[in-house]
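Chemist: could you work out the structure for the sequence below:
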Amino acid sequence: MKILITAGPTREHLDPVRFLSNRSSGRMGFALARAAAERGHEVTLIAGPVALPTPTGVTRTDVVSAREMLAAVERLLPAHDALVMSAAVADWRPKRNSPAKLKKAAMTPVLELEPNPDILAAVRDLKGKRLFVGFAAETGDPLGEARRKLEAKGLDLIVANDVTLPDAGFEVETNRVTLIAKNAAPVPLPLLSKYEVGLRIVTWLESACSL
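Modeler: The predicted structure follows:
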């Protein structure tokens, strides 16, 4: 199977020094790419700005912003059988981007923002028979929001987790997730390493691809 995976955050620059971003380390996406490659799949990884080595056997494309990530997904998706969107894409970007560092005295206390593209929504018409997997890193009601995203984005599987847990989510080596597929009961997984979570997702992809 040819699997396209996105990982890490995006950065939305206000100027060459300042940017909007999030806490994603990219570890989940990189672990998933490693797991898929070790199972013999052809893996392409689109990585936001992270400090992680490329897994053995994985082809990597680096991007910075959400729009760059969208362009890379649109370019690479036609050659792949599955898309796994594990990246934490910034929802908003500064309305204006300065080519030079903004001086404090010249800045206003209100930052104007505009929405970034929803990558899964933007490539939905390219889905065809491809498998689409999304992630829902949430607080409060992760399963409810994950089910909403599963339907709204036309996904085959969504991976939900509560990022408020100290042993799951961002900046740790473990994760505690629930796999939610269309027309199936949710499958909660125990606390696992992110690599083991990646293996579970790859196993699901293999099973779904064979149907």
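Chemist: now do the buried residues in the longest helix belonging to the chain.
Modeler: In the chain, assigned by DSSP state H, the helix with the most residues is helix 194-209. Neighbour-count burial for helix 194-209, with 16 or more other CB atoms under 10 Å as criterion, is recorded at 194-195, 197-202, 204-205. (Each C-beta comes from the backbone N, C-alpha and C, glycine too.)
Chemist: mean confidence score for it?
Modeler: The predicted model assigns helix 194-209 a mean pLDDT of 95.
Chemist: which strand or helix spans the closest residue to residue 9 other than its chain neighbours?
Modeler: The shortest distance from residue 9 to any non-neighbouring residue, by CB to CB, 6 or more residues apart in numbering, is to residue 24 (4.1 Å). Counting by DSSP states H and E, no helix or strand carries residue 24.
Chemist: how many neighbours does residue 24 have?
Modeler: Neighbour count for residue 24, taken as other CB atoms under 10 Å: 26.
Chemist: how about the one 5 residues further on?
Modeler: By other CB under 10 Å, the residues close to residue 29 number 28.
Chemist: state which strand of this protein is the longest.
Modeler: strand 131-138 (DSSP state E).
Chemist: run the angle between that one and helix 194-209 for me.
Modeler: Computed by axes from the mean of the first three to the mean of the last three CA atoms, to 10 degrees, the angle separating strand 131-138 from helix 194-209 equals 140 degrees.
Chemist: list the contacts for residue 153?
Modeler: For residue 153, the contact set (CB atoms under 8 Å, 6 or more residues apart in numbering) comprises 118, 120-121, 124, 132, 134.
Chemist: farthest-separated two in those?
Modeler: Checked with CB to CB, the contacts of residue 153 reach their widest spread between 118 and 132, with 12.8 Å between them.
Chemist: have a look at those two and say which one is more surrounded.
Modeler: In this view residue 118 and residue 132 are compared by other CB under 10 Å, and residue 132 has more residues nearby, 21 against 15.
Chemist: that one touches residue 81, doesn't it?
Modeler: No. Between residue 132 and residue 81 there is no contact under CB atoms under 8 Å: 10.8 Å.
Chemist: where's residue 79 relative to residue 4, distance?
Modeler: 8 Å (CB to CB, to the nearest Å).
Chemist: tell me which of the two has more neighbours.
Modeler: residue 4 (25 against 10).
Chemist: phi, psi for that one please.
Modeler: Backbone torsions of residue 4, given as degrees, to the nearest 10, read phi -100, psi 120.
Chemist: do the same with the one 3 residues further on
Modeler: In this entry, residue 7 is assigned phi and psi values of phi -150, psi 160 (degrees, to the nearest 10).
Chemist: swap in residue 68?
Modeler: phi -70, psi -40.
Chemist: now residue 47
Modeler: Torsion angles, degrees, to the nearest 10, at residue 47: phi -110, psi 130.
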